[in-house]
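Chemist: I would like the atomic coordinates for the input below:
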Amino acid sequence: ADPQTIEVGSAYSELGATATDNFDTNANITTAISINTSAVNTSALGSYSVTYDVTDSSSNAAAQETRTVEVKDTTPPVVVPVGIQSVDEETTLQFSIVASDNVSTVLTYSSPNLPTGATLDSATGHFAYTPGYDVSDTILNTVYSVDCSVSDGAGNSGSINVQITVNDVSGGTPAGEDVV
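Modeler: Below you'll find the predicted structure:
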């Protein structure tokens with residue numbers, strides 16, 4: 001396979017090659033192939049070359065062959081579950097999304113469905129939300145299902161879902177106001 005793709009941090013496994021000759025008694029001279037893998041660095045993302053050389057018993061050298069080895073990051077970040085969250089109306093809920101990645105130290109945090117007024121810091125994963133007095137129903141608390149994604153520099157992403165219950169504590173009246 002050319003190119004050969006390897007996950008960063010994995011061990012390099014040579015795919016091998018075959019060689020034949022039209023003159024040697026043993027037409028298959030595969031065992032004489034010299035393979036140079038010294039350029040392959042599986043700890044660093046990049047494109048590397050492996051070379052193949054062979055010479056027959058008459059000292060005729062074949063044209064050097066090359067295989068490209070692509071070392072890539074295809075592993076998504078691992079996101080730690082946050083667990084069910086609960087907050088009273090007009091009270092601030094804060095937590096952080098925690099994630100790790102096999103290569104990237106810079107991760108990007110996002111959510112397509114934050115509750116109105118909630119924030120998720122794209123650089124730190126810090127979530128903050130202060131629901132207003134009218135967010136939850138007096139009979140049934142409001143529950144949000146918030147999807148949070150974490151992406152690495154290679155475009156891989158991991159995600160979690162956070163359930164947030166907003167408890168009605170004001171009965172629909174802003175704090176500090178009397179019902180008339």
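
Chemist: What segments of this structure are helices?
Modeler: For the chain, applying DSSP state H gives no helices.

Chemist: where does it have low pLDDT?
Modeler: Applying pLDDT under 70 to the chain flags the ranges 25-27, 170-180.

Chemist: What is the burial count for the residue lying closest to residue 61 once chain neighbours are set aside?
Modeler: Closest residue in space to residue 61, ignoring its immediate chain neighbours: residue 55 at 4.7 Å, by Cβ to Cβ, 6 or more residues apart in numbering. Where you see a C-beta, it was placed from the backbone N, CA and C, and this is true even at glycine. Neighbour count of residue 55, defined by other Cβ atoms under 10 Å: 15.

Chemist: Identify the residues contacting residue 55.
Modeler: If you count contacts by Cβ atoms under 8 Å, 6 or more residues apart in numbering, residue 55 has them with 32, 61, 62.

Chemist: ok, now residue 5?
Modeler: Contacts of residue 5 by Cβ under 8 Å, 6+ apart are 69, 70, 72.

Chemist: That one and residue 73: what is the separation?
Modeler: 11 Å (Cβ to Cβ, to the nearest Å).

Chemist: for residue 92, same thing?
Modeler: When Cβ to Cβ is the yardstick, residue 92 and residue 73 sit 36 Å from each other.

Chemist: do the same with residue 28
Modeler: From residue 28 to residue 73 the distance is 38 Å (Cβ to Cβ).

Chemist: what's the answer for residue 44, then?
Modeler: 11 Å.

Chemist: With residue 42 instead?
Modeler: As judged by Cβ to Cβ, residue 42 and residue 73 stand 11 Å apart.
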